[in-house]
Structures are given as C-alpha cells and as structure tokens.
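1. turn this into a structure:
(one chain, ligands or ions: 2)
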Amino acid sequence: MTNMYDVIIPAAGMGKRMQADKNKILLQLHSKSILEHTLETFQSDDNCRAIHLAAQKDELEMLKAMSKAYNKIEVVTVGGSERQYSIYNVLKAIQPCDYVFIHDAARPFVTPETLYKLYTKVQQYKSVVAAVKVKDTVKRVIDFQVEETLNREELWQIQTPQAFSYHLLLEAYNKANEDDFLGTDDASLVERLYPVNIVESDYDNIKITTPEDMFFAEAILKKRGI
Ligand SMILES: Nc1ccn([C@@H]2O[C@H](COP(=O)(O)OP(=O)(O)OP(=O)(O)O)[C@@H](O)[C@H]2O)c(=O)n1
Ligand SMILES: O=P(O)(O)OC[C@@H](O)[C@@H](O)[C@@H](O)CO
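-> Ligands and ions are numbered 1, 2, ... in the order given. Sure thing, here's the model as predicted:
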C-alpha cells in the first residue's frame with residue numbers, strides 16, 4: 001500500500017537521568033513497560049506500515065523477543081553512543097519507503113490525533129514535527145546574566161514524532177554524518193536542507209526523563225482512565 005509510513009523508535013539510551021537500575025524505557029507503568037505503551041500506539045495506527053527499533057547491544061536479544069508480540073516490527077538493530085547515531089543505524093538498515101516518522105521510545109503518550117495530523121501534513125510539506133507552545137517566559141542567559149527576553153509568540157517546544165519524506169531524511173542524515181553535525185533532534189538535521197513545519201500536539205506528550213516524570217506519567221494514565 002502506498003503513502004503509509006514506517007516509524008523508527010530509538011530505544012538504545014541509558015536512561016541515566018532517571019537514575020533507575022535499568023534502561024528507563026523498560027520501567028513499568030501499570031502492567032506494561034514504557035516501550036510497550038509506545039509500541040502499542042504505532043501497532044494500532046492503520047497508517048503505520050512497519051516499526052523499526054534501535055536497541056542497546058546488551059538488550060538486543062530481549063527487545064527482539066519482545067518484538068514477537070508486535071507483527072509490525074521489522075528491523076531491530078544496535079544503536080549508537082548518541083540518539084542521532086542510533087537513528088542513523090536504523091535508517092541505513094531499513095528498506096526505502098514513502099515516509100518515516102521518528103519517535104522516542106520514552107514518549108509513551110503520543111495520541112492518535114497527533115499521529116494523524118503529522119501523517120496528513122507530511123504528505124504536503126515533506127518535513128513536519130510535533131510541538132507545543134511554550135508556557136513560560138524564556139530568556140537567553142550567559143553566565144547567569146540575562147542577555148534578552150525572547151518573544152514567546154514565536155517559541156515552541158519541539159517533541160517527537162517528527163515526520164519526513166524518506167529520501168529527504170536520508171539525505172539530511174548522510175549530510176550530518178559527512179559534516180560531523182550533531183543535532184538534538186532530527187529536524188535540526190533536516191533544517192540544514194529544507195524547511196520544517198510544525199503541527200500542534202499536546203502537553204501530555206512528555207519525554208520521560210527524570211524520576212518525577214514517572215509521577216506525571218501515572219497522572220496522565222489516570223486521567224485517561226487506564
Ligand atoms: N544513544 C542513544 C540515546 C538515546 N536513545 C533513545 O532516544 C530517546 C530519547 O533520549 P533520552 O530521553 O535522552 O534518553 P536517554 O539517552 O536514555 O536518557 P539519558 O540522557 O538520561 O541517559 C530514548 O527513547 C532513548 O532510548 C537512543 O536510542 N540511543
Ligand atoms: O537531548 P536529549 O537526549 O534529552 O533528547 C533529545 C531528543 O529526544 C529530543 O530533542 C526530542 O525528543 C525532541 O524534543
């Protein structure tokens with residue numbers, strides 16, 4: 001079928017800031033791991049053709065075994081020392097396709113509504129990321145001294161999923177590799193070649209990063225009646 005997307009899910013981090021005794025994406029939220037919550041969302045999305053994972057070397061076999069429960073999972077490969085390298089490893093391992101979404105395993109609360117918005121817009125714009133409006137005032141600071149107050153009307157917090165045409169994304173990753181460019185998200189690689197659009201997402205789509213995020217995660221599940 002044409003026009004479906006493949007999703008790359010980087011799950012090869014260490015989860016250091018979570019200070020748990022294992023990779024944070026394996027922590028349980030109710031009866032499932034964070035990773036399984038994320039996988040189920042994409043497994044259930046009719047527009048998602050296949051799911052591909054980056055795993056830590058030590059967790060590769062475990063994640064391959066877990067993958068058997070999800071018939072959309074195709075490639076499970078070893079990640080790298082940085083998120084960007086993990087994603088590049090997967091991107092080089094998959095077959096060419098129309099569109100690629102990239103979504104952090106550590107963001108288990110992305111909604112079907114956001115996936116649908118991205119799916120619609122990526123076909124028009126080739127490059128589109130989920131984002132929410134910044135709620136706080138943001139200042140640029142050097143050595144604890146304020147340099148300027150930024151115009152909040154222009155500021156958005158960027159999340160994942162980030163959705164791209166496959167060929168544009170591969171070109172951006174190849175160029176970043178050639179230039180030794182390391183970005184903090186996928187769009188920052190694509191921005192060097194092509195305009196990136198945003199779609200408005202929601203504040204539940206948190207990246208579970210530090211211990212208190214587990215309490216926020218429990219609250220989001222409770223709000224959803226899960
Ligand atoms: N080398 C890496 C680093 C991160 N990730 C993945 O990228 C996502 C977002 O990264 P982040 O939240 O920063 O996770 P960690 O790197 O695991 O966290 P920390 O920096 O606290 O160790 C996570 O799903 C993580 O598993 C990855 O696949 N490969
Ligand atoms: O810098 P970190 O390792 O915390 O995470 C990087 C990315 O996961 C992050 O930039 C995207 O989720 C978009 O916000």
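
2. contacts, neighbours, all on C-alpha from now
-> Noted.

3. name the nearest residue to Ile73, ignoring sequence neighbours.
-> Excluding the flanking residues, the one nearest Ile73 by CA to CA, 6 or more residues apart in numbering is Ile51, at 4.5 Å.

4. which is the next helix or strand following the one helix or strand the one you found maps to?
-> Element membership for Ile51, per DSSP states H and E: strand 48-55. For strand 48-55, the succeeding helix or strand toward the C-terminus, using DSSP H and E, is helix 60-67.

5. list the contacts of that following helix.
-> Taking contacts as CA atoms under 8 Å, 6 or more residues apart in numbering, the residues outside helix 60-67 that touch it are 55, 73, 76-78.

6. from the chain's centre, how far out does the very next helix or strand once past it sit?
-> The helix or strand immediately downstream of helix 60-67 is strand 73-78, counting by DSSP H and E. Strand 73-78 has its C-alpha centroid displaced from the chain centroid by 16 Å (CA atoms, centre = their mean, to the nearest Å).

7. and the contacts of the next helix or strand after strand 73-78?
-> For strand 73-78, the following helix or strand on the C-terminal side (DSSP H and E) is helix 83-93. If you take CA under 8 Å, 6+ apart as the criterion, helix 83-93 is touched by 8-10, 12-13, 52-54, 75-80, 170, 173, 182-186.

8. check whether helix 83-93 contacts ligand 2.
-> No - using CA under 6 Å from any ligand atom, helix 83-93 stays clear of ligand 2, with a minimum separation of 6.7 Å.

9. can you show me the CA trace of that helix as PDB?
-> What follows is helix 83-93, C-alpha atoms only, in PDB (Å, rounded to 0.1, in the frame of the first residue of the first chain):
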ATOM      1  CA  ARG A  83      20.400   9.200  19.800                       C
ATOM      2  CA  GLN A  84      21.300  10.500  16.400                       C
ATOM      3  CA  TYR A  85      23.700   7.600  15.700                       C
ATOM      4  CA  SER A  86      21.100   5.100  16.900                       C
ATOM      5  CA  ILE A  87      18.600   6.500  14.400                       C
ATOM      6  CA  TYR A  88      21.100   6.600  11.600                       C
ATOM      7  CA  ASN A  89      21.900   2.900  12.200                       C
ATOM      8  CA  VAL A  90      18.300   2.100  11.800                       C
ATOM      9  CA  LEU A  91      17.700   4.400   8.800                       C
ATOM     10  CA  LYS A  92      20.600   2.700   6.900                       C
ATOM     11  CA  ALA A  93      19.100  -0.700   7.700                       C
END
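
10. is there a quick PyMOL command that grabs whichever of the contacts of helix 83-93 are buried?
-> Filtering these down to the buried ones (16 or more other CA atoms under 10 Å) takes a single PyMOL command:
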select buried, resi 8+9+10+12+13+52+53+54+75+76+77+78+79+80+170+173+182+186
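
11. which of the contacts of helix 83-93 are close to ligand 1?
-> Residues of those in contact with ligand 1 (CA under 6 Å from any ligand atom): 10, 12-13, 54, 79-80.

12. now for those: which two are most distant?
-> Pro10 and Gly80 (9.9 Å; CA to CA).

13. columns distance to Asp213 and pLDDT on top of the contacts of helix 60-67, output as a markdown table?
-> Compiled in a markdown table, these are given as follows (distance: CA to CA, whole Å; pLDDT from 0 to 100):
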| residue | distance to Asp213 | pLDDT |
| --- | --- | --- |
| Ala55 | 22 | 98 |
| Ile73 | 27 | 98 |
| Val76 | 27 | 98 |
| Thr77 | 27 | 98 |
| Val78 | 26 | 98 |
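
14. got the residues you listed as a markdown table, with distance to Pro211 columns?
-> As requested, these are exported to a markdown table (distance: CA to CA, whole Å):
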| residue | distance to Pro211 |
| --- | --- |
| Ala55 | 22 |
| Ile73 | 29 |
| Val76 | 27 |
| Thr77 | 28 |
| Val78 | 26 |
